[in-house]
Each structure stands twice: as structure tokens, then as C-alpha cells.
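*Asks:* Sequence and predicted structure are below.
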Amino acid sequence: MKQNVEIMAYIFADTGGALRALRFVDGIQIRRSGQGAYEIESTEATLPEHFFSTNVAHVAAIVGTNSSGKSTALQDICRILTGRTPVTARHALVMRSDQGVYQLCSHSSLVKFDGQDIRDEDPRRNANLKVVFYAGGYDPLGRTKELTPRSAGVEFCDISDQFIYSSDPSRDFDYKLIYLNSLIRTGDPSLFLQADGARNRTIRFEAYAGYDVNVAARDFLEFTLTFSNDAAHSARLLELLNIPSEQIADVNDAIDRRLILNEKGAHFLEDNSHYFELLRAYLDSSLRDGLPMYPLQFALAIGRIAERLHAEPEDANLAEQMRSVHMDFPAVVGNILGDGFHSEMLLLYVAARSASPDTLSDDGLSISISLGGAPRETTYIQAMIKILLQWRSQGLEVSFRFTGISEGQRTLLTFYSRLFAQVTRTPHTGNTLLLIDEHEHGLHPEWQRRYLQELITLLNKDDFTSERYQVILSTHSPFLVSDLPGTHVNKIGSDVEDVTPTLAANLLELLLSPLFLENSTGEFSRTKITDMLDAIERAETVDSLAAASTLLPLLGDDLVRNYCTIRVKEKKRRLQARRA
């Protein structure tokens with residue numbers, strides 16, 4: 001099996017049919033050959049060993065305008081590695097390992113290495129390579145599952161928003177909780193989604209029953225009445241429900257016909273927004289010691305039991321349990337959901353109250369996570385997260401929502417937690433290729449400036465050190481590019497030999513370079529300046545010249561303003577000379 005598998009270069013035909021080359025590693029040079037193809041040559045390494053980190057071998061970027069093909073290039077790399085057909089018909093993905101240089105290609109003549117032909121290989125021989133792809137943004141009509149492997153070669157995982165949301169959105173919150181729980185466990189604040197490194201961030205999330213509690217309570221009541229063999233109990237329950245006298249006969253008929261069991265989706269109790277509280281009040285008055293359950297526990301219990309009853313309406317054990325609901329509801333819950341449900345709820349309640357008096361509300365939990373807090377408090381938070389995740393794994397509908405979290409924090413937390421989940425759930429001892437498509441969207445410039453440093457820090461954590469990473473990202477951000485050597489920055493549409501010095505480059509100069517901008521001002525203001533200069537030239541009087549140059553004091557760039565001022569003065573001299 002190959003070791004140290006990595007991508008050296010990607011040769012492809014762009015949308016216009018022109019052949020392009022992208023370089024992803026140090027120690028090579030790519031130039032066009034006389035036959036219209038490319039030649040890769042070995043060179044001396046320009047970067048010191050472990051330049052990025054001991055765990056991150058290479059980081060390279062792809063830049064270019066919108067519609068230039070950055071995303072397509074990244075996705076085509078995924079397609080080629082997984083045995084699917086890429087968008088571009090002509091391509092060669094040049095790779096290397098401890099077994100030498102090879103290519104996955106459509107045409108073997110597109111590229112040579114050190115003057116020699118490169119051997120072709122099958123993607124299935126890259127079994128020791130893991131590929132993780134992430135693209136920000138949710139596109140319900142996007143490439144959902146389209147990048148999944150066809151071959152038995154690389155291990156491929158798409159952790160993009162559109163893939164997650166189209167498959168199982170509930171697991172995404174689990175990933176976030178697992179990641180945050182790991183940060184609490186290790187006490188590591190370095191990646192705690194903070195814009196200001198001098199102060200700790202607090203992330204608050206709420207946990208509540210994911211069931212429509214009134215619908216669940218109505219279904220629970222209908223099953224209770226249907227299975228009941230105690231006429232007095234049924235009469236008391238119907239009286240509590242305050243069913244109009246003219247409807248009592250129809251309700252009793254539906255109970256006798258076992259309507260809820262025999263007709264899927266049928267109900268004999270009308271919609272009511274108070275069933276949850278009515279059921280709580282009934283059980284509280286029926287049980288000798290009252291209802292010893294917190295609202296969250298009660299909501300989860302009736303919601304899950306109603307689900308079980310709908311799924312297994314003929315289960316004799318469930319029917320038998322429902323006949324004793326009014327006599328020993330806690331025992332019924334324990335028998336159906338397991339004895340651990342009560343003890344776990346008690347532990348959750350104790351942990352919540354111990355962490356903060358405001359944590360437990362009438363309908364759920366509100367948990368604040370702040371690294372650097374007291375060890376006792378973080379221990380309780382860990383216990384709560386563990387129980388909530390355990391309940392979800394058992395089928396209980398526990399829902400979550402974050403509060404007080406910015407979109408930038410949410411973006412980073414989503415990416416970090418999904419990547420963390422992939423590493424911890426499926427450990428991998430070979431190389432990992434991490435492809436990131438324009439993830440900086442929605443991040444403040446300061447967060448973009450720190451993005452690569454934080455990503456490399458994450459990949460060097462203990463949970464990640466069994467893997468060796470190569471990172472290829474597409475970006476519109478000069479802040480990310482300023483952290484990379486120019487040899488590791490590829491502009492789609494320009495020649496690979498055109499290298500712009502980018503490492504530690506002045507951010508303003510980099511932004512104004514051909515890598516990103518064609519002009520130094522916005523297009524709207526540029527046209528306004530052009531129109532103003534035209535109007536200055538056309539002015540026939542001093543008054544019309546003054547009217548044409550009204551924007552002059554508003555111009556923010558000294559050079560542009562001075563240039564326009566000179567044009568105004570020259571025009572004014574000509575007008576005055578003409579009048580004289």
C-alpha cells in the first residue's frame with residue numbers, strides 16, 4: 001500500500017479549451033513544453049522542512065474571479081480521485097508517493113516529469129488516501145452526494161452544508177456538541193471561535209423536546225383511552241378533556257372501534273393547544289404522590305412513547321403498560337423507555353442546577369459554554385452534554401438551538417466540528433487531502449487573517465496527529481493568500497510561471513495586485529469619476545466647470561483627488577484664456 005500519497009499538480013483544460021496547470025507542492029517547477037503540454041521539473045525546495053507544521057505537509061491556494069473555475073477544479077479533483085467523470089474532458093492529476101510519481105489522467109501526453117513519461121494508474125490504488133471536501137453555503141439543488149466514490153479506492157467524505165442538510169441535519173448538531181465537549185475536556189481555548197484573542201467567548205445553546213408536545217399528548221391520550229379497561233378511569237379522563245356532550249357518543253364509538261389502531265392517521269380527539277397541560281394535570285391528580293417529573297422529562301417521555309405506539313400499535317406489552325398509566329406513570333415510562341431514563345434525568349437536573357441556577361427552565365435546558373471556567377462547572381456541562389447525546393442516540397427527539405452566536409462563529413464551528421467528527425469517528429493513518437472551497441465567506445477580515453493559522457493549529461491537535469495533511473483551498477481573500485508563498489498560489493487563467501510574491505505581503509498591495517483586482521476603486525465610483533472627467537472636459541464656462549466637479553471633495557484617494565483637481569485647474573485656465 002502506498003505511503004505519503006499527495007497531489008503534485010493538476011493539468012486541465014479550462015472552459016475555453018486552453019490547457020492550464022496548478023501547482024500544489026514545493027520543490028517542483030511547471031512550464032509549458034513546445035508541444036502545447038506541460039513539463040514538471042524537480043527543483044531545490046524553497047521552503048524549510050515542516051514550514052507549515054509537522055502534521056501539515058503542504059498548503060496551496062487557488063484564486064480567480066467568480067466563474068473562473070476554482071470550485072470546478074476542486075470538485076474535479078474529487079471526481080478523478082473517486083473514479084467519477086470530471087467536468088473537464090482533458091485532465092491529468094499528477095501524484096506521488098513512496099512508490100514514485102504517477103498520474104490519473106484522460107490523456108497521458110498532457111504532462112511529463114523530468115523529461116520522462118508519467119505512468120498511468122487506477123484511482124483504486126490510492127487506498128491509503130483520505131479525501132475530505134468542504135464547501136460553505138447551502139444549495140438544495142447543488143451537487144448533493146454527486147461526489148461520493150464510485151470506486152473502492154480513496155476514502156472520501158463530503159462535509160459540505162448541502163450534503164449534511166440533505167442527509168441527516170440532526171447529526172450536525174451532535175457534531176458541534178461533541179467538538180465543544182472535547183474543548184471543555186481538554187481546556188483548550190486556542191480554537192474557541194473568538195474574534196479577540198484577549199477575551200474568552202461564551203457559546204450558549206438550548207436543549208428542548210423536539211416533539212410537538214400537544215400532538216404527542218393528544219396521541220398519548222387517544223392510546224390511553226383505547227387500551228383502557230377501566231370504565232371509571234376512562235370516564236374521568238373524558239370529563240377532564242371537557243368533550244361536548246353531543247360528541248361523547250362519537251368518541252366512545254371511535255374508542256370501541258379502536259380507530260387509532262385500525263386507521264392510520266385517524267384521530268378522535270379534536271386539535272387542542274392544551275393537551276400537554278391537561279395530561280400533566282390529570283396524571284398529577286391521579287398519582288398518589290403526584291407527577292414527579294420535570295416538564296422536559298415529561299415531554300420527552302410522552303413524545304417517545306407516542307412514537308413507539310404508532311410504530312408498534314399491536315404490541316401487547318405496550319398495550320398492557322398503557323392500562324396502568326393512571327396508577328404508576330413513572331413505572332410505565334421506565335418499563336417502556338428503560339430504567340436509565342429516570343436516573344439520567346435526575347443526573348441532568350442535578351448537573352443543570354449545579355452548573356447554574358438559570359440553566360433549567362420549564363421547557364428545557366439553557367447551557368453556556370465558556371472555556372477557562374471553573375473545573376466544577378465544566379464537569380457538570382460535560383455530564384449534561386453526554387446525557388443529551390445519549391438520549392438522541394436512543395431515538396429521543398432532543399432538539400437544540402444556539403443563541404447569541406454570530407454567523408462567523410457558526411461558520412467556523414460547523415467546519416471545525418464536522419472535520420473533528422470525521423477524524424474521531426474514522427481514524428486514518430495515511431495521508432488526508434483536505435479540499436476547502438471558499439470557506440472565508442461571512443468571516444470578518446480579522447478572522448480571515450487568522451484563518452490559516454487556526455486551521456493548521458487544529459490539524460496539529462492530539463486527535464489529528466495520526467494523519468499527515470495536504471490542504472488545497474480556493475479563496476477570494478488576500479488575507480489567506482498573504483500566509484502562503486507565491487509558488488503555492490495559483491491564479492486560474494494565468495500562466496503557472498507567473499509568480500506573485502505573496503508571503504507576508506502588504507495586504508493592501510496584495511488586494512490591488514492582479515491576483516485580485518483590475519482597478520483600485522469600486523466600479524460604481526470608477527464610472528462616476530470617468531463621467532466627472534468627461535464633464536470637466538466638456539465644460540464651456542467656469543460655472544459649468546464648477547458644477548461638473550462637485551464630487552471632487554468626496555473622493556477618498558489622495559492620488560485620484562489630486563489628479564482630478566489638476567484636470568479642473570487646467571480646464572479653468574483654458575476657459576479663462578479663451579474669455580480673455
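*Replies:* Received the coordinates, thanks.

*Asks:* Which parts of this structure belong to which domain?
*Replies:* Here the domain parsing of the chain from automatic domain parsing is 6-180+408-511, 213-325, 523-579.

*Asks:* Out of those, flag the one nearest F205.
*Replies:* Proximity to F205 (CB to CB) singles out domain 6-180+408-511 among these, at 8.0 Å. The way it works is simple: take the backbone N, C-alpha and C, and place the C-beta from them, glycine included.

*Asks:* report the longest helix in the protein, please.
*Replies:* helix 558-579 (DSSP state H).

*Asks:* Is the residue nearest the centre of the chain part of a helix or strand, or is it coil?
*Replies:* Closest to where the C-alpha atoms of the chain average out (CA atoms, centre = their mean) is T414, at 3.7 Å. What DSSP: H, G, I helix; E, B strand; the rest coil gives for T414 is helix.

*Asks:* Give me the pLDDT for it.
*Replies:* The model reports T414 with a pLDDT of 86.

*Asks:* Same question for S166.
*Replies:* At S166, pLDDT is 46.

*Asks:* so where is the stretch 1-150 of the chain shaky, pLDDT-wise?
*Replies:* 126-127, 137-150 (pLDDT under 70).

*Asks:* where along it do the helices fall?
*Replies:* 70-81 (DSSP state H, counting those that start in this stretch).

*Asks:* mind listing the strands for it?
*Replies:* 6-13, 19-23, 28-32, 38-42, 56-63, 91-97, 100-105, 111-113, 116-117, 119-120, 129-135 (DSSP state E, counting those that start in this stretch).

*Asks:* Contacts for the first one, please.
*Replies:* In other words, strand 6-13. 19-25, 28, 30, 37-38, 40, 57-58, 73, 76-77, 86, 88-97, 101, 105, 110-111, 431, 433, 470, 472 (CB atoms under 8 Å, 6 or more residues apart in numbering).

*Asks:* Quick one: work out the angle between that strand and strand 91-97.
*Replies:* Here strand 6-13 runs at an angle of 170 degrees relative to strand 91-97 (axes from the mean of the first three to the mean of the last three CA atoms, to 10 degrees).

*Asks:* tilt between strand 6-13 and strand 56-63?
*Replies:* 20 degrees.

*Asks:* in strand 6-13, what counts as buried?
*Replies:* Neighbour counts over strand 6-13 (16 or more other CB atoms under 10 Å) mark 6-13 as buried.

*Asks:* Would you mark the buried spots in stretch 258-275?
*Replies:* Those would be 259-261, 268-269, 275, for stretch 258-275 by 16+ other CB under 10 Å.

*Asks:* Do you have the helices of the stretch 351-500 of the chain handy? List them.
*Replies:* Using DSSP H, counting those that start in this stretch, helices in the stretch 351-500 of the chain cover 375-393, 407-425, 445-459, 478-481.

*Asks:* Can you tell me the number of residues neighbouring the closest residue to I11 other than its chain neighbours?
*Replies:* The shortest distance from I11 to any non-neighbouring residue, by CB to CB, 6 or more residues apart in numbering, is to A92 (4.3 Å). Counted with other CB atoms under 10 Å, the neighbours of A92 add up to 24.

*Asks:* got the contact list for A92?
*Replies:* 10-12, 103-108, 110-111, 118.

*Asks:* Okay, and the beta partners of it?
*Replies:* Note on A92: beta-bridge partners by DSSP bridges are I11, C105.

*Asks:* same check, this time on the one 5 residues further on
*Replies:* Here S97 sits in beta bridges with G100, as judged by DSSP bridges.

*Asks:* can you pull the contacts of it?
*Replies:* 2-6.

*Asks:* Please indicate which of these are buried?
*Replies:* Going by neighbour count (16+ other CB under 10 Å), the contacts of S97 have 2, 5-6 buried.

*Asks:* Pull up the gap between L455 and T475, please.
*Replies:* Between L455 and T475 the computed distance is 12 Å (CB to CB, to the nearest Å).

*Asks:* any idea which of the helices of the stretch 351-500 of the chain is most buried?
*Replies:* For the helices of the stretch 351-500 of the chain, the largest average neighbour count (mean count of other CB atoms under 10 Å) is found in helix 478-481, namely a mean of 24.

*Asks:* who's in contact with that one?
*Replies:* So helix 478-481 is in contact with 61, 63, 440, 445, 448-449, 451-452, 473, 475, 489, 502, 505, 507, 510-511, 515-516, going by CB under 8 Å, 6+ apart.

*Asks:* Give the next helix or strand downstream of the host helix or strand of F276.
*Replies:* If you go by DSSP states H and E, F276 is part of helix 275-286. Using DSSP H and E, the helix or strand that follows helix 275-286 towards the C-terminus is helix 295-311.

*Asks:* What residues sit buried inside that following helix?
*Replies:* Per 16+ other CB under 10 Å, helix 295-311 contains these buried residues: 295-309.

*Asks:* before we move on, what about stretch 36-48?
*Replies:* By neighbour count on 16+ other CB under 10 Å, the buried set for stretch 36-48 is 37-40.

*Asks:* hang on, the residue nearest to the centre of the chain packs against Y179?
*Replies:* No: under the contact definition of CB atoms under 8 Å, T414 does not touch Y179, with a separation of 9.7 Å.

*Asks:* now S343: how far from E320?
*Replies:* 24 Å.

*Asks:* ignore the last one, P86
*Replies:* 60 Å.

*Asks:* Give the residue from the two that has the larger number of neighbours.
*Replies:* Neighbour count, other CB under 10 Å: between P86 and E320, P86 has more, with 20 against 12.

*Asks:* From I77, how far out is that one?
*Replies:* With CB to CB as the criterion, P86 and I77 are 8 Å apart.

*Asks:* who does L22 bridge with?
*Replies:* With DSSP bridges as the rule, L22 is bridged to Y10.

*Asks:* Can you report how many residues lie near it?
*Replies:* 23.

*Asks:* In contact with it, which residues?
*Replies:* 9-10, 12, 60, 62, 73, 490, 496.

*Asks:* would you turn those residues into CSV with distance to T424?
*Replies:* As requested, the contacts of L22 are exported to CSV (distance: CB to CB, whole Å):
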residue, distance to T424
A9, 32
Y10, 30
F12, 34
A60, 26
I62, 29
A73, 30
N490, 32
V496, 38
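
*Asks:* of all those residues, which comes closest to A383?
*Replies:* Relative to A383, the closest of the contacts of L22 is A60; by CB to CB it sits at 43.1 Å.

*Asks:* For the closest one, the count of nearby residues, please.
*Replies:* A60: 21 neighbours (other CB under 10 Å).

*Asks:* in the stretch 451-580 of the chain, which spans are strands?
*Replies:* Under DSSP E, counting those that start in this stretch, the stretch 451-580 of the chain gives strands at 468-474, 489-491.

*Asks:* now these in a markdown table, with distance to N562 and mean pLDDT?
*Replies:* Compiled in a markdown table, those are given as follows (distance: least, CB to CB, whole Å; pLDDT from 0 to 100):
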| stretch | distance to N562 | mean pLDDT |
| --- | --- | --- |
| strand 468-474 | 38 | 94 |
| strand 489-491 | 32 | 91 |
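
*Asks:* ok, back up a step: looking at the buried residues of stretch 36-48, which is nearest S361?
*Replies:* Among those, and counting by CB to CB, the member closest to S361 is I40, at 62.4 Å.

*Asks:* wait, what's in contact with L241?
*Replies:* 221, 269, 278.

*Asks:* Give me the nearest residue to L47, chain neighbours excluded.
*Replies:* Using CB to CB, 6+ apart, the nearest residue to L47 is D26, at 4.8 Å.

*Asks:* Which SSE is immediately downstream of the lowest-mean-pLDDT helix or strand in the chain?
*Replies:* Lowest mean confidence among the helices and strands of the chain (mean pLDDT, DSSP states H and E): helix 161-167, at a mean of 53. With elements assigned by DSSP H and E, the helix or strand that comes after helix 161-167 is helix 169-186.

*Asks:* orientation of that following helix relative to helix 375-393 in degrees?
*Replies:* Orientation check (the same axes, to 10 degrees): helix 169-186 against helix 375-393 gives 160 degrees.
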